[in-house]
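1. Fold the stuff below for me.
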Amino acid sequence: MKHADQTWHRLLLAAELASAPPSGPTADVYRLAAYADGAVGAAKPECDLLLPHWDSGLRWADANNPQPDDWLMDGGVRAGVTWDGTFYRDAARYPAGGPLFWCAYFKPGSAAGIKNGFWFNFGSGWSHLANDDPAQVLAGASQRIYFDSGANVWRLVIEATMFVTNAVVNVWTGTKSGGNDPIGIYTRESGCDPLASLTVEAA
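-> This is a model prediction of the structure:
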C-alpha cells in the first residue's frame, strides 16, 4: 500500500509540474522565421474565401474613372500596413493576456488608425483590431502567440477579417509542446491555410 501511495503522489506531482506555466525567461518580441508576405493566407483554393468577390458587396473607386458603383476586383483593402510576421508583448495595453501573450497589434508606438499598426494586410486577407481597442484583442481578428494553460501548449493563431461582414476567419492555428518560451516549431491544427508548420524565433 505504501508503494502504491508513493506512486500516486509521484503521478500527482508530475501532473502538477506538467500544467505549471513556463518559467521563462521570455522576450518582448518574437517573429515567424523566414516570414514574407503571402507565406500564410495566400493558398488557393483553401483561402480563396479571404479575397473579395464580385458578389461581396465591397466597392472601390476606379482610379481612372471613379464611379460609386465600381466593383472591387483587385487585392482588396489598400489601407493599413503589411504585417511582417512579428509579435509584441504589452501587458499595459492588454493586462488580461498576462506575461505569456504576444500580439501583432502591440508594436511600440502603434495607435488607432489604418496605418499605425491596428490594421494589417497579409496574404490574401487583412485583419483589424476590434474598435481600435487593445482590450478587445479577442473580439476581432488578430495574430497572436500565447501559452494555453488549459491545454498546456504554446498556441499560435493567425486570423483574418472577412470583407463586408467583418467575420473572423481562422487562417492558421497551431501548437507546440514544451519549452519556457514560444520559440520552436508549431504544427498546424486548423485553419484555411494547409501549411503544415510554422517556426517562431526570437526577434
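2. per-residue confidence at the one residue sitting closest to the centre of the chain?
-> In the chain, the C-alpha nearest the mean C-alpha coordinate belongs to Gln143, at 1.8 Å (C-alpha atoms, centre = their mean). Gln143 is assigned a pLDDT of 97 by the prediction.
3. try Leu138
-> The per-residue pLDDT reported for Leu138 equals 94.
4. so where do the strands sit in this structure?
-> Using DSSP state E, the strands of the chain run over 29-32, 81-82, 86-88, 101-103, 119-122, 125-128, 143-148, 153-161, 168-176, 184-190, 197-202.
5. any chance of the ones you listed in TSV, with distance to Ala43 too?
-> From N, CA and C alone the C-beta is placed, and that goes for glycine too. Listed next are these as TSV, based on distance: least, C-beta to C-beta, whole Å:
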stretch	distance to Ala43
strand 29-32	16
strand 81-82	18
strand 86-88	21
strand 101-103	23
strand 119-122	13
strand 125-128	11
strand 143-148	17
strand 153-161	12
strand 168-176	9
strand 184-190	12
strand 197-202	13
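6. Which among these is found nearest to Pro95?
-> The closest of those to Pro95 is strand 101-103. By C-beta to C-beta, the value is 9.6 Å.
7. which residues touch Cys192?
-> Contacts for Cys192 (C-beta atoms under 8 Å, 6 or more residues apart in numbering) come out as Gly41, Ala43, Glu46, Cys47, Leu49, Leu50, Val169, Asn170, Val171, Trp172.
8. Filter those residues down to the buried ones and express that as a PyMOL selection.
-> Buried subset of the contacts of Cys192, written as a PyMOL selection, criterion 16 or more other C-beta atoms under 10 Å:
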select buried, resi 41+43+47+50+169+171+172
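9. Between the contacts of Cys192, which sits nearest Phe147?
-> Lowest distance from Phe147 to the contacts of Cys192 (C-beta to C-beta) belongs to Trp172, with 18.1 Å.
10. List the beta-bridge partners for that closest one.
-> Using DSSP bridges, the bridge partners assigned to Trp172 are Ile158.
11. Wait, it touches Ser197, no?
-> No: if you go by C-beta atoms under 8 Å, Trp172 and Ser197 don't touch, sitting 9.9 Å apart.
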